[in-house]
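Asker: Fold the following for me, if possible:
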Amino acid sequence: MESPVLLVVFNRPDTTIQVFESIRKFKVPKLYISADAPRKGNLEDEIKCTEVRQIVQNVDWNCDIHYRFLEKNVGCGFGVSSAISWAFEKEDRLIILEDDCVPAQPFFTYCDYLLEKYKDDTRIWRISGRCYHPNFSLFLKYDYIFTMYGHIWGWATWKRCWEEFDIDMKKLPIFLEERGFDSVFSNKKQIKYYNKYYRSLSNNIELKSHAWGPQAAFSVFMNRGLSIIPSRNLVKNIGIEGVHTKGKLFDHEMDKCESYKIEKEPLFVIPSKAHDEFHFRHHINYKKPIISRIKRKITKMFNKENIL
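Answerer: Here you go, the predicted model:
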């Protein structure tokens, strides 16, 4: 494998060690590690950040290693995005992991192969390690597909794409005014959803201090970029999984993925409209069945009456 790996860490030694062990097991040849500093006056942060930095310095294999240990806390938004920009100062492609995204071993070769294969194809912007719907019919034909949706829990990209990233999304107002999402999606519900979602972000002046994902997604949408997702889930999020995910149709476990390899490739670089609409309905805009919502509302009313 030739592609470098970037690991972004902060104050979670329990998850960091699991991600780092996967990197160590694969013996990645080139590794960038960026660590945010403890929050000011937070003693627990100081202890845990020190422990995290000790973990990631335990590189005991032949590796070209680069460290970036910040002395002042910059928050999640700047912490991750600036780390990616830092690594891209020296590289033209990256495999990117955060401290709670544990990759299976095939994840590295999957990313490396596709980074090389599509390096000059400006239609492709993101290679994701996550697969939310491994039982989707198209995955019976191909080992990966193209989509308008790219996930950032274990992913890869090129410098040519990251150069379009803007944490302030300065082009967003014009994009919304010119109905940009009409050209990204054909489904009216998707268009309505993203117009509403990004309008809600346009006036959020604190967004960049704690988030970078929506801005990264916007840079892809704005350029009508495509993402690649595998037919098996190659990355497991052990930090928030089960708390912030929605729905019941997602195979988050990395079952049957250790034997994953690319053998059946799609013939055409075309996003799967069927997959994207399914993903939108069952993940992004997922709503529980009406009977479940009624039961929940009655339970809340009953509990409220008991409190009173």
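Asker: CA atoms for contacts and neighbours, from now on please.
Answerer: OK.
Asker: Show me which residues of the helix or strand encompassing Ala217 are buried.
Answerer: Element membership for Ala217 (DSSP states H and E) is helix 213-222. Of the residues in helix 213-222, Pro214, Gln215, Ala216, Ala217, Phe218, Ser219, Val220, Phe221, Met222 count as buried by neighbour count, 16 or more other Cα atoms under 10 Å.
Asker: Ignoring the adjacent residues along the chain, who's closest to Met45?
Answerer: Quick fix: residue 45 is Asp, not Met. Pro38 (4.9 Å; Cα to Cα, 6 or more residues apart in numbering).
Asker: which residue ranges form the helices in the stretch 51-200 of the chain?
Answerer: 75-88, 106-117, 159-162, 172-177, 181-184, 188-202 (DSSP state H, counting those that start in this stretch).
Asker: tell me what the second one is packed against?
Answerer: Helix 106-117 is packed against strand 93-98, strand 124-128, strand 155-158, with contacts defined by 3 or more Cα pairs under 8 Å, 6 or more residues apart in numbering; DSSP states H and E.
Asker: thinking again about what came up before, between the buried residues of helix 213-222, which is nearest Lys273?
Answerer: Using Cα to Cα, Phe221 is the member of the buried residues of helix 213-222 that lies nearest Lys273, at 15.0 Å.
Asker: could you measure that closest one against Leu70, distance?
Answerer: According to Cα to Cα, to the nearest Å, Phe221 stands 31 Å off from Leu70.
Asker: picking up where we left off before, the residue nearest to Asp45 contacts Asn73, correct?
Answerer: Yes: if you go by Cα atoms under 8 Å, Pro38 and Asn73 touch, sitting 5.7 Å apart.
Asker: between the two, which one's more packed in?
Answerer: Pro38 (23 against 15; other Cα atoms under 10 Å).
Asker: residues touching that one, list them.
Answerer: Phe10, Asn11, Asp45, Glu46, Cys49, Lys72, Asn73 (Cα atoms under 8 Å, 6 or more residues apart in numbering).
Asker: May I have the predicted confidence score for it?
Answerer: We have a pLDDT of 97 for Pro38.
Asker: How about the contacts made by Asn62?
Answerer: Taking Cα under 8 Å, 6+ apart as the test, what Asn62 contacts is Lys27, Pro29.
Asker: what about it, distance to Lys90?
Answerer: From Asn62 to Lys90 the distance is 19 Å (Cα to Cα).
Asker: picking up where we left off before, among the helices and strands packed on helix 106-117, which comes closest to Glu177?
Answerer: strand 124-128 (24.2 Å).
Asker: That closest one pairs with which strands, parallel or anti?
Answerer: Here strand 124-128 is paired, per DSSP bridges, with strand 155-158 (antiparallel), strand 226-230 (parallel).
Asker: from the chain's centre, how far out does the first one sit?
Answerer: Taking the mean C-alpha point of strand 155-158 and that of its whole chain, the gap between them comes to 10 Å (Cα atoms, centre = their mean, to the nearest Å).
Asker: hmm, who's touching it?
Answerer: Contacts for strand 155-158 (Cα under 8 Å, 6+ apart): 92-97, 111, 115, 119, 125-129.
Asker: now swap in the longest one and tell me
Answerer: With contacts defined as Cα under 8 Å, 6+ apart, strand 226-230 is touched by 123-131, 143-150, 220, 271.
Asker: right, and the helix or strand after that strand?
Answerer: strand 235-237.
Asker: strands paired with that next one, and their directions?
Answerer: strand 101-103 (antiparallel).
Asker: The strand it pairs with: which residues count as buried?
Answerer: Cys101, Val102, Pro103.
Asker: What of stretch 136-144?
Answerer: Quick answer for stretch 136-144 (16+ other Cα under 10 Å): Leu138, Phe139, Tyr142, Asp143, Tyr144.
Asker: quick one, what contacts Ala87?
Answerer: Leu6, Tyr32, Leu94.
Asker: Now neighbour count, pLDDT and distance to Val184 too, for those, in TSV please.
Answerer: Shown next, in TSV, are the contacts of Ala87 (neighbours: other Cα atoms under 10 Å; pLDDT from 0 to 100; distance: Cα to Cα, whole Å):
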residue	neighbour count	pLDDT	distance to Val184
Leu6	24	98	30
Tyr32	21	98	34
Leu94	23	98	26
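Asker: tell me which of those residues is nearest to Met169?
Answerer: Once Cα to Cα is applied, the member of these that ends up nearest Met169 is Leu94, at 22.4 Å.
Asker: partners of the closest one in the sheet?
Answerer: Thr157.
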